[in-house]
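Peer 1: structure of the sequence below:
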Amino acid sequence: MPLPTSQPRPWILPVIVLAQFAGTSLWFAGNIVLPDLLRDAHLAGTSLSLMVSAVQLGFIGGTLGFALLTLADRVPPARLFLLSAVAGSLANLGLLLPGPTPALLLGLRFCTGLCLAGIYPVGMKIAADYYADGLGKALGFLVGALVLGTALPHGLRWLTAGVAWQLVVLATSALALGGGLLLWLLVPNGPFRRVGSRLQLSAVRGIWQDQPFRAAAFGYFGHMWELYTFWAFVPLLLATYGRLHPEITLLGPALAFLLIAAGAPACVASGYVARRLGTLRTARLALWVSGLGCLLSPVLLLLPLPYFVAALAVWGMAVVADSPQFSALVAQQAPAALKGTALTMVTCLGFALTIVSLQSFAALQNVVEARYLFLLLAPGPLLGLWATRSTGRSATT
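Peer 2: Predicted coordinates:
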């Protein structure tokens with residue numbers, strides 16, 4: 001096993017970030033082709049939301065399986081990343097098969113989600129194997145790449161009007177495959193990797209007995225309650241503002257893309273801030289700001305357009321700036337030989353919580369006036385702040 005070094009080679013982090021973005025393009029850019037695919041296959045009556053949810057469910061099932069089998073700690077992570085990227089690319093290419101049925105499309109999107117379980121959390125695990133010191137900074141770049149991937153559908157809808165959807169499928173499959181190969185070739189096992197030698201279901205259960213780990217995990221869960229629902233309903237927020245201010249017309253996909261993409265530099269910046277304030281304090285500061293965004297959302301909708309966009313940009317940055325810091329805390333508090341499993345398990349539970357949040361939000365759309373809907377996101381930041389209220393030394397590094 002290589003001895004830990006204080007400074008990884010300079011290309012390590014950029015390659016991980018690029019490979020992470022390339023792999024997760026299967027998730028985000030793949031969703032954008034579904035309306036055109038369903039139309040061309042004469043499946044217009046098929047539920048688009050069900051197709052999108054299939055990826056989420058596949059990802060949750062995949063991360064749960066990876067965690068229970070401790071794959072991210074027993075298999076060389078670069079190899080696992082490559083295998084997942086190859087399989088995900090093939091599942092994505094399956095969308096081009098002639099005469100698709102709803103069942104086939106649901107299965108392909110579910111399989112894509114399964115493969116993504118070997119890309120997103122495993123990418124974080126690889127970073128943790130290289131950056132024991134300053135992990136929050138390294139993960140800031142990785143989560144920033146994920147944020148850009150999340151904004152990608154809005155940007156593509158804006159920039160690629162008229163481009164055949166089949167080309168988007170081919171491009172994302174090639175991108176994911178190239179990212180997996182690049183990481184496998186250029187990023188060997190990190191100096192801080194500790195191999196899990198066997199299946200340890202009791203050890204997985206025992207992780208939760210550690211209070212600092214539970215605090216980090218529940219902080220992450222509170223953050224996730226807000227994050228994906230905010231992202232999913234940014235268009236609704238803009239449409240609500242448009243109804244309240246009918247004279248405003250510049251509220252399309254381009255603005256949605258910019259508001260979500262603003263979280264990418266915020267993730268990177270949070271890593272640098274964490275070097276000065278500490279990982280936990282930085283995460284809690286972002287939770288405070290995003291929580292205020294939730295609580296003040298009815299007031300924000302009444303502001304003049306420049307102030308509304310500025311406030312929404314701050315909210316869009318804060319809502320995700322804590323993500324790399326909570327992931328860093330989870331990795332730091334987990335046993336070294338179960339670091340990948342801990343990240344995968346917490347990611348699994350966090351994404352499962354996003355489905356509860358999204359479905360609850362959607363169900364209340366017909367009950368609660370749109371202006372007040374975003375108050376429903378406030379319990380997430382409040383839970384995160386309550387769970388991380390401890391200022392013990394082991395939880396604040």
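
Peer 1: where along the stretch 1-150 of the chain do the helices fall?
Peer 2: Remark: helices assigned in the stretch 1-150 of the chain by DSSP state H, counting those that start in this stretch are 12-40, 48-69, 71-74, 77-93, 102-116, 120-130, 135-159.

Peer 1: just put the ones you listed in TSV and tack on distance to Trp184.
Peer 2: Glycine gets a C-beta too; all of them are placed from N, C-alpha and C. Shown next, in TSV, are these (distance: least, Cβ to Cβ, whole Å):
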stretch	distance to Trp184
helix 12-40	9
helix 48-69	18
helix 71-74	15
helix 77-93	4
helix 102-116	15
helix 120-130	11
helix 135-159	17
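
Peer 1: winner for burial among those?
Peer 2: Most buried of the helices of the stretch 1-150 of the chain by mean neighbour count (mean count of other Cβ atoms under 10 Å) is helix 120-130; its value is a mean of 27.

Peer 1: what sits up against that helix?
Peer 2: Helix 120-130 has contacts (Cβ atoms under 8 Å, 6 or more residues apart in numbering) with 8, 12-13, 16, 19-20, 23-24, 59, 63, 66, 72-73, 77-78, 80-81, 84, 135, 138-139, 142, 146, 183, 187, 189-193, 327-328, 331, 339-340, 343-344, 347.

Peer 1: quick one: mean pLDDT for that helix?
Peer 2: In this model, helix 120-130 carries a mean pLDDT of 84.

Peer 1: now the angle from that helix to helix 77-93?
Peer 2: 160 degrees (axes from the mean of the first three to the mean of the last three Cα atoms, to 10 degrees).

Peer 1: contact partners for Phe221?
Peer 2: Residues near Phe221 by Cβ under 8 Å, 6+ apart: 349-350, 353, 380, 383-384, 387.

Peer 1: so for the residue positioned nearest the centre of the chain, what's the pLDDT?
Peer 2: Geometric centre of the chain, nearest residue: Leu146, 5.6 Å, by Cα atoms, centre = their mean. Looking at Leu146, its pLDDT reads 78.

Peer 1: for the helices of the stretch 1-150 of the chain, which one sits closest to Gly206?
Peer 2: Counting by Cβ to Cβ, Gly206 lies closest to helix 48-69 out of the helices of the stretch 1-150 of the chain; the figure is 13.4 Å.

Peer 1: wait, isn't Ala151 in contact with Ala254?
Peer 2: No - in this structure, Ala151 is not within contact of Ala254 by Cβ atoms under 8 Å, at 10.7 Å.

Peer 1: remind me which residues of the protein are low pLDDT?
Peer 2: Applying pLDDT under 70 to the chain flags the ranges 1-6, 28-31, 44-49, 134, 150, 152-163, 190, 193-205, 249-253, 391-397.

Peer 1: okay, now the domains of it?
Peer 2: In terms of domains, the chain is parsed into 12-190+197-203, 205-396 (source: automatic domain parsing).

Peer 1: quick one on the thing from earlier: out of everything not next to it in sequence, what's closest to the residue nearest to the centre of the chain?
Peer 2: In this structure, Leu146 finds its nearest non-sequential neighbour in Thr24, 5.9 Å apart by Cβ to Cβ, 6 or more residues apart in numbering.

Peer 1: Thr354 now?
Peer 2: Excluding its sequence neighbours, the residue lying closest to Thr354 (Cβ to Cβ, 6+ apart) is Tyr228, at 4.1 Å.

Peer 1: now the element after the strand or helix carrying the one you found, going C-ward?
Peer 2: Assigned by DSSP states H and E, Tyr228 falls within helix 211-232. With elements assigned by DSSP H and E, the helix or strand that comes after helix 211-232 is helix 234-244.

Peer 1: go through the very next helix or strand once past that next one and flag the buried ones.
Peer 2: Next in sequence after helix 234-244, counting helices and strands by DSSP H and E, comes helix 253-261. Across helix 253-261, burial judged by 16 or more other Cβ atoms under 10 Å covers 253, 255-261.

Peer 1: can you add distance to Leu90 and give the residues you listed back as CSV?
Peer 2: As requested, the buried residues of helix 253-261 are exported to CSV (distance: Cβ to Cβ, whole Å):
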residue, distance to Leu90
Pro253, 30
Leu255, 35
Ala256, 31
Phe257, 29
Leu258, 33
Leu259, 34
Ile260, 29
Ala261, 29
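
Peer 1: return the member of these nearest to Gly242.
Peer 2: Nearest to Gly242 among the buried residues of helix 253-261, with distances taken as Cβ to Cβ, is Leu255, at 10.6 Å.

Peer 1: assess the claim that the closest one and Leu305 are in contact.
Peer 2: No - between Leu255 and Leu305 there is no contact under Cβ under 8 Å: 10.2 Å.

Peer 1: now for the nearest residue to Met224 once chain neighbours are set aside: which residues touch it?
Peer 2: Leaving aside its chain neighbours, Met224 sits nearest to Gly350 (3.9 Å; criterion: Cβ to Cβ, 6+ apart). Residues in contact with Gly350 (Cβ under 8 Å, 6+ apart) are 220-221, 223-224.

Peer 1: now do Gly293
Peer 2: Gly293 sits next to 300, 311, 314-315, 318-319 when contact means Cβ under 8 Å, 6+ apart.

Peer 1: let's see it at 7 Å
Peer 2: By Cβ atoms under 7 Å, 6 or more residues apart in numbering, Gly293 lies in contact with 315, 318.

Peer 1: state the helix or strand in which it lies.
Peer 2: helix 279-295.

Peer 1: can you give me how far that helix is from the chain middle?
Peer 2: Centre-to-centre, helix 279-295 and its host chain are 18 Å apart (Cα atoms, centre = their mean, to the nearest Å).

Peer 1: check stretch 73-87 too.
Peer 2: Chain-centre distance of stretch 73-87: 19 Å, with Cα atoms, centre = their mean.

Peer 1: just the buried members of the contacts of Gly350?
Peer 2: Buried members of the contacts of Gly350, counted by 16+ other Cβ under 10 Å: 220-221, 223-224.

Peer 1: now the helix holding Tyr228: buried residues?
Peer 2: For helix 211-232, the neighbour count (16+ other Cβ under 10 Å) marks 212-213, 215-232 as buried.

Peer 1: no more questions from me, cheers.
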